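Engineer: The following comprises the amino acid sequence and a computationally predicted model.
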Amino acid sequence: MNLKGRDFLTLKDYTPEEILYLIDLAAELKDKKKKGIPTDVLRGKNVVLIFEKTSTRTRCSFEVAAYDLGMGVTYLDPAGSQIGKKESIADTARVLSRMYDGIEYRGYGQTIVEELANFSDVPVWNGLTNEYHPTQMLADMLTIKEQLGRIKGVKLTYMGDARYNMGNSLMVTCAKLGMHFVACAPKRYFPDEELIRQCEEYAKESGATLTFTEDVEEGTKGADVIYTDVWVSMGEPDNVWVERIKDLTPYRVTMDVMKNAGEDAIFLHCLPSYHDHKTTIGREIGVKFGLKEMEVTDEVFESSYSRVFDEAENRMHTIKAVMAATLGAFSE
Ligand code: CP
Ligand code: NVA
């Protein structure tokens, strides 16, 4: 397997074998890290991390992973560069690829990260766009493999806004890897028709199934993984909270949902999550709309079903695998 020089923009661009290879490489790198075996094979290389939206997990994962691989890192915060304001994406890509060996980008439209990749001579990694969050997918799949012992055949139910980055990416990943994907949400939150059609093609090859249902009982029945995400994503206007709360409250992950799922079901969430009033937004929205919690109850979040912190840790190991593979380390 040789992924040297490849961009990592969406898993639509990767074959099932390549995705599974990256998950296995991440598991190997995780094992090495736990045993204290150094992996600083990319000494002398440097990467730049562009964040036009904020981050905790993705930024820290790229930084720690880069340091573990021996690389230097520059972080450009949402206000800290000329990008888009004084300098086009095309010019930025040509400047940065003269200085760095890889570029991470988190921002708005997928077309921006695609343009960056088109004009860059070095690998570009998507750290989240409105449409896709591919590095999160590898962490989720590694977590599923560790927790359930398998990926193929797993039934994963996504509850909430399935038209955005997490719903789209999970559907693509499940379709590629032969899983049973269920979007459980009101109809207008189902993924885009064209993307569904594309995923149905992947599913024909992999044996995956794709189901779209408004019925919580049916959608979560026997699921191996219950997954949710915030109801309002970064970059969306505050005035959508009212409709989201009205539309998605019936799709909150509760203990009843978890009990209706499979016997060994686990709960995953990309995080951050509004499961209590311990955040500014969680408290503000909670007080305003009389809600104690949003997409998931605090009870489920803190329960033994929840594997969200294993999942968060796996962001670092999987991002390390993506950088290592696309920069040509450990290729087989
Ligand atoms: N899950 C995730 O991408 O988290 P951050 O926004 O903290 O990077
Ligand atoms: N849908 C969320 C994911 C955060 C990791 C967002 O885009 O804000």
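Structural biologist: Here it is on my side, so go on. In this text the structure is predicted, and so the values were computed from the model without any measurement. Ligands and ions are numbered 1, 2, ... in the order given.
Engineer: Once you drop chain neighbours, what's closest to V122?
Structural biologist: S97 (4.6 Å; CB to CB, 6 or more residues apart in numbering). From N, CA and C alone the C-beta is placed, and that goes for glycine too.
Engineer: Is that neighbour within a helix or a strand, and which one?
Structural biologist: Using DSSP states H and E, S97 sits in helix 89-99.
Engineer: mind listing what's buried in that helix?
Structural biologist: 89, 92-93, 96-97 (16 or more other CB atoms under 10 Å).
Engineer: Looking at those residues, which is nearest ligand 2?
Structural biologist: I89 (19.6 Å; CB to the nearest ligand atom).
Engineer: Please look at the closest one and V95 and confirm they touch.
Structural biologist: No: contact criterion CB atoms under 8 Å: I89 and V95 do not qualify, at 10.9 Å.
Engineer: Now the residue nearest the centre of the chain. Nearest residue, chain neighbours left out?
Structural biologist: Per CA atoms, centre = their mean, the C-alpha nearest to the average position across the chain is that of Q136, at 2.5 Å. Nearest residue to Q136, sequence neighbours excluded (CB to CB, 6+ apart): C270, at 5.1 Å.
Engineer: can you check L76 too?
Structural biologist: Excluding its sequence neighbours, the residue lying closest to L76 (CB to CB, 6+ apart) is I50, at 4.8 Å.
Engineer: Isn't the one you found up against I112?
Structural biologist: No: contact between I50 and I112 fails when scored by CB under 8 Å: they sit 10.0 Å apart.
Engineer: what's the overlap in contacts for these two?
Structural biologist: In terms of CB atoms under 8 Å, 6 or more residues apart in numbering, I50 and I112 are both contacted by the residues Y105.
Engineer: Looks to me like L210 is in a strand.
Structural biologist: Yes: assessed by DSSP: H, G, I helix; E, B strand; the rest coil, L210 belongs to a strand.
Engineer: Show the contacting residues for it.
Structural biologist: 171, 174-175, 181-183, 196, 199-200, 203.
Engineer: same thing but at 6 Å, please
Structural biologist: Each residue near L210 by CB atoms under 6 Å, 6 or more residues apart in numbering is listed here: 181, 199, 203.
Engineer: out of these, who's nearest E295?
Structural biologist: F181 (18.3 Å; CB to CB).
Engineer: I'd like the distance between D140 and I37.
Structural biologist: For D140, the distance to I37 (CB to CB, to the nearest Å) stands at 25 Å.
Engineer: Surely the residue nearest to L76 and Y108 touch.
Structural biologist: No: the pair I50 / Y108 is not scored as a contact, 11.9 Å apart, by CB atoms under 6 Å.
Engineer: Show me where the stretch 51-200 of the chain has its helices.
Structural biologist: With DSSP state H, counting those that start in this stretch, the ranges of helices along the stretch 51-200 of the chain come out as 57-68, 89-99, 110-119, 134-148, 165-176, 193-206.
Engineer: Which residues outside the second one are in contact with it?
Structural biologist: Outside helix 89-99, the residues within contact range by CB under 6 Å, 6+ apart are 48, 83, 103, 112, 115-116, 119-122.
Engineer: And it, how far out from the chain middle?
Structural biologist: Mean-position distance between helix 89-99 and its chain equals 25 Å (CA atoms, centre = their mean, to the nearest Å).
Engineer: Report the secondary structure element holding the closest residue to L138 other than its chain neighbours.
Structural biologist: Once flanking residues are discounted, L138 sits nearest to T318: 3.7 Å by CB to CB, 6+ apart. Counting by DSSP H and E, the element that carries T318 is helix 308-326.
Engineer: So for that helix, what gets flagged as buried?
Structural biologist: By neighbour count with 16+ other CB under 10 Å, helix 308-326 contains the buried residues 308, 311-326.
Engineer: so what secondary structure elements neighbour it?
Structural biologist: The contact analysis (3 or more CB pairs under 6 Å, 6 or more residues apart in numbering; DSSP states H and E) places helix 308-326 against helix 16-35, helix 57-68, helix 134-148.
Engineer: who's in contact with the residue of the stretch 201-332 of the chain found nearest ligand 1?
Structural biologist: Closest approach between the stretch 201-332 of the chain and ligand 1, counting by CB to the nearest ligand atom: C270, at 3.9 Å. For C270, the contact set (CB under 6 Å, 6+ apart) comprises 136, 166, 229.
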